[in-house]
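> just the structure for this:
(2 chains)
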There are 2 protein chains.
Amino acid sequence: MPSANASRKGQEKPREIVDAAEDYAKERYGVSSMIQSQEKPDRVLVRVKDLTVQKADEVVWVRARVHTSRAKGKQCFLVLRQQQFNVQALVAVGDHASKQMVKFAANINKESIIDVEGIVRKVNQKIGSCTQQDVELHVQKIYVISLAEPRLPLQLDDAIRPEVEGEEDGRATVNQDTRLDNRIIDLRTSTSQAIFHLQSGICHLFRETLINKGFVEIQTPKIISAASEGGANVFTVSYFKSNAYLAQSPQLYKQMCICADFEKVFCIGPVFRAEDSNTHRHLTEFVGLDIEMAFNYHYHEVVEEIADTLVQIFKGLQERFQTEIQTVNKQFPCEPFKFLEPTLRLEYCEALAMLREAGVEMDDEEDLSTPNEKLLGRLVKEKYDTDFYVLDKYPLAVRPFYTMPDPRNPKQSNSYDMFMRGEEILSGAQRIHDPQLLTERALHHGIDLEKIKAYIDSFRFGAPPHAGGGIGLERVTMLFLGLHNVRQTSMFPRDPKRLTP
Amino acid sequence: MPSANASRKGQEKPREIVDAAEDYAKERYGVSSMIQSQEKPDRVLVRVKDLTVQKADEVVWVRARVHTSRAKGKQCFLVLRQQQFNVQALVAVGDHASKQMVKFAANINKESIIDVEGIVRKVNQKIGSCTQQDVELHVQKIYVISLAEPRLPLQLDDAIRPEVEGEEDGRATVNQDTRLDNRIIDLRTSTSQAIFHLQSGICHLFRETLINKGFVEIQTPKIISAASEGGANVFTVSYFKSNAYLAQSPQLYKQMCICADFEKVFCIGPVFRAEDSNTHRHLTEFVGLDIEMAFNYHYHEVVEEIADTLVQIFKGLQERFQTEIQTVNKQFPCEPFKFLEPTLRLEYCEALAMLREAGVEMDDEEDLSTPNEKLLGRLVKEKYDTDFYVLDKYPLAVRPFYTMPDPRNPKQSNSYDMFMRGEEILSGAQRIHDPQLLTERALHHGIDLEKIKAYIDSFRFGAPPHAGGGIGLERVTMLFLGLHNVRQTSMFPRDPKRLTP
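Here you go, the predicted structure:
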């Protein structure tokens, strides 16, 4: 960029450059004109994370945000931030910088984006407050590329302060609604950057593992004509002159793909639940990682594939995202996530026995309450030292109509949930692939057959036995990192009370 | 599986086994009981595509569909199909099969799923009608795993017959509504299997390329609080006691991620358009492959990244999916897709000149009609020999309010479309990252500022210059393969008249 003092924005701040006539550095700083792709300068911008002693004494250009600035006599220290990385920069009166230039630098609002030309200098004492501890940048030119407003709705340093420290010494932290109302700033913190870089990794590992296992990715429609399973908890959409619904799960479509010979399919997409649940783990829209697979003789073939997929995700995260895990741990300390290979599979009756031994009173055909799930998670961790396990053979009575009954025990079913740190992250089952039995079970559940005719008809032209499940992406991210609210792991969360930003 | 004549379904077809007493093969065939995961037999099922001369004289188990069957005296020939692969199987009266068993095999409804034990035998004459041409399977045991109903709503052989052949010799083809009404059967054809395996590959190549380029995958909400861009063509959702809308594009959220320092992001997800357009290329719900990227000085940095991503997809498809391309070509013949490296970039004014030279009358600030886009595609193909190009610098007047004006020509904008075989597959632009200019342009377009306040506010705390675009997955699949209707490349298409299956 050329000198920019004469730019549109520069004209708005004339007081800072009153002494322009006698300012020998006046071409070296200013507010740059808006980048409208006027030109293609031959300039390399160096990444902040690459500013190391290897670059000592080189002149480099950097684009970064002003994280903090502190003027001190004839000097101004800036911390320049780029994603999770930051470096100290020094503007000091001398050959390159005038006192007007130092003042200009000191007055740049925090969070503004600037272009800086500077010399990389090795420092004698490590700079503990920056990720780039061994160097600082001696600034020769500084231009504002995009100016931030002076008042920020939240301070990034407050937003990454561990809660407990805030309580102890009275320093500010940021409450969740303020974070979410100002999500674009909250997402800039090192914690948020780490969470969502890791979440991107979960999706990548999920697909990488499944594609290696021979699965095919499918795309399923989200607007559907009939509310499945009786129509509870479903959002209605105005569809031209009639009504439609938002899919609560891609399950029926995954199953149709199995009936259409795709054999092993997965999809990643939004899932909609019109539940008025205001808890730490419910969203009205979340991202489902869904799997469906034809098997040969036993649904455990599928359980093993799904559990192994999760294990590959956990291993991949621990191998490739250690920096991100540690960054999140600084703000939210947590034990490393533990798992076994192969995955522990408990039967529901075994879990009941463990809970009863711990004093819980429960019926054989009763579903697990959330507190009992958590308690069971603790008992399993104590006994087996794992944060991840499969709970198999749920009572038939507590599962959906399409769940395959256990042929050996009519009160049980070929269904399973998977748990991380005592919370459910996946629900799945062998599905009934026989139209006659499916009809019987739907009638038993009081479901209007007319509404699920297309679904049942899908099985009339030969259907292989199959099973599957759906994983909640935000829950996996939350529980892997030991966080406590699913809103921390959804970029723009949706709940009954929040539809913005 | 054990012998199964006594099974539930077996009991329903007693007439076929009347001579059971004198049937020496009665344990070797039948309708198997429903697979409910009763047991885990130690049996390997061999894939049809692996039935080659290398396996000659081996005894194997295969699970496949009955594609066709033909009885001939004491023999029955079956074609067994598994996805795109098929093999001939022979049941012949002899040591292993009785005449009752041959009759049973001959009576199995087409599309039923069966388990077969047989010896792989090399054949002297290639079997032209099967993919496995050098072997056939001599059946020793045959069990029905899932019985298809006798009347199929469409015949697979009709569904893969090239249109032109049907017209020429009067043989049946299947019309589109019949296909879509019975999608689970239509999706079993070799053509459909190839289309959707290739589509899975497009998503994979898109992500693989972008992850290698340092992009981060994001998840954006589909339920939004305000209809952007004035509220036209948007679906309304009942959201608890109020209303919400379905996102017409993830663009605003992608841009917020750029403002939140993610720098280079992509997402794959559903996009909703409440347009009453009943054309070959419009859907009310389609899959968007979206990209957004901060750039340094010129939006062409982004154009080059997007165009290169598409080129990597085209190359990857031609390298990895040649079988699928050829399978689709058998039914829908088409020239191979051509592209240049680097991608051709034409300016709008150049395109206008080419069209005018071809006799089209158009204003400088007029948008391209669909026929003119197609004509331009043909002119570009003739002149440059490419099916893929970028059309840059659209008139400002025909683009959305957030499009960055061209600083050198106020009637032009920093925006672009990308075309495949003369049809638009991507629309994109440098976005305005300055809240003041954005406000001016929104007012110029008559947009209610209150409705886009959150969007404009996203740029108040420092925003890098950025650009992006959205690609329609179904269109890319359709145009790469030279197909003629986007419904062929959407598994379960949605249009104003179709919401099922």
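> quick one, strands of the stretch 251-400 of chain A?
Along the stretch 251-400 of chain A, the segments classed as strands by DSSP state E, counting those that start in this stretch run A:264-272, A:285-294, A:344-347, A:388-392.
> could you say which of those strands is packed most deeply?
Of all these, strand A:285-294 has the most neighbours on average by mean count of other CB atoms under 10 Å in any protein chain shown, namely a mean of 25. (Each C-beta comes from the backbone N, C-alpha and C, glycine too.)
> that one and chain B, any residue contact?
Yes. Strand A:285-294 lies within reach of chain B by CB under 8 Å from any CB of the partner chain, at A:285, A:287.
> likewise stretch A:171-190?
Yes. Using CB under 8 Å from any CB, stretch A:171-190 reaches chain B at A:183-185, A:187-188.
> ok, now stretch A:490-501?
Yes. Against chain B, stretch A:490-501 shows contacts by CB under 8 Å from any CB at A:490-492, A:494, A:496, A:499-501.
> quick one: which two of those residues are the most distant?
Within these, A:Met491 and A:Pro496 form the most distant pair, 18.5 Å apart (CB to CB).
> of those two, who's got more company?
Between A:Met491 and A:Pro496, counted using other CB atoms under 10 Å in any protein chain shown, the more crowded position is A:Met491 (23 against 16).
> SS state for that one?
On the three-state scheme (DSSP: H, G, I helix; E, B strand; the rest coil), A:Met491 is labelled coil.
> quick check on it: phi, psi?
phi -60, psi -50 (degrees, to the nearest 10).
> that one against B:Thr220, yeah?
Yes. Using CB atoms under 8 Å, A:Met491 is in contact with B:Thr220, at 7.1 Å.
> so how far is the longest strand along chain A off the chain centroid?
As assigned by DSSP state E, the longest strand anywhere in chain A is strand A:59-72. Here strand A:59-72 is found 29 Å from its chain centre; the criterion is CA atoms, centre = their mean, to the nearest Å.
> now stretch A:316-326
Distance, centroid of stretch A:316-326 to centroid of chain: 14 Å (CA atoms, centre = their mean).
> repeat for stretch A:365-374
With CA atoms, centre = their mean, you get 27 Å for stretch A:365-374.
> how about it: buried residues?
Within stretch A:365-374, the residues scored as buried using 16 or more other CB atoms under 10 Å in any protein chain shown are A:368, A:372-373.
> closest to chain B out of these?
Nearest to chain B among the buried residues of stretch A:365-374 is A:Leu368, at 22.3 Å by CB to the nearest CB.
> mind listing what the closest one touches?
With contacts defined as CB atoms under 8 Å, 6 or more residues apart in numbering or on different chains, A:Leu368 is in contact with A:351, A:376.
> that one and A:Val390, how far apart?
14 Å (CB to CB, to the nearest Å).
> excluding sequence neighbours, find me the nearest residue to the residue of the stretch 251-400 of chain A found nearest chain B.
The nearest approach of the stretch 251-400 of chain A to chain B comes at A:Ala260, 3.5 Å away (CB to the nearest CB). Of all residues not flanking A:Ala260 in the chain, B:Leu187 sits nearest, at 3.5 Å (CB to CB, 6 or more residues apart in numbering or on different chains).
> right, and the one you found touches A:Tyr253 too?
No. The pair B:Leu187 / A:Tyr253 is not scored as a contact, 11.0 Å apart, by CB under 8 Å.
> more crowded one of the two?
For B:Leu187 versus A:Tyr253, the count of surrounding residues by other CB under 10 Å is larger for A:Tyr253: 26 against 22.
> which residues touch A:Met324?
Actually, residue A:324 is Glu rather than Met. A:Glu324 touches A:194-195, A:197-198, A:201, counting by CB under 8 Å, 6+ apart.
> could you report the pLDDT at A:Ala6?
On the pLDDT scale, A:Ala6 is placed at 41.
> what does A:Leu283 give?
So A:Leu283 comes in at 96 (pLDDT).
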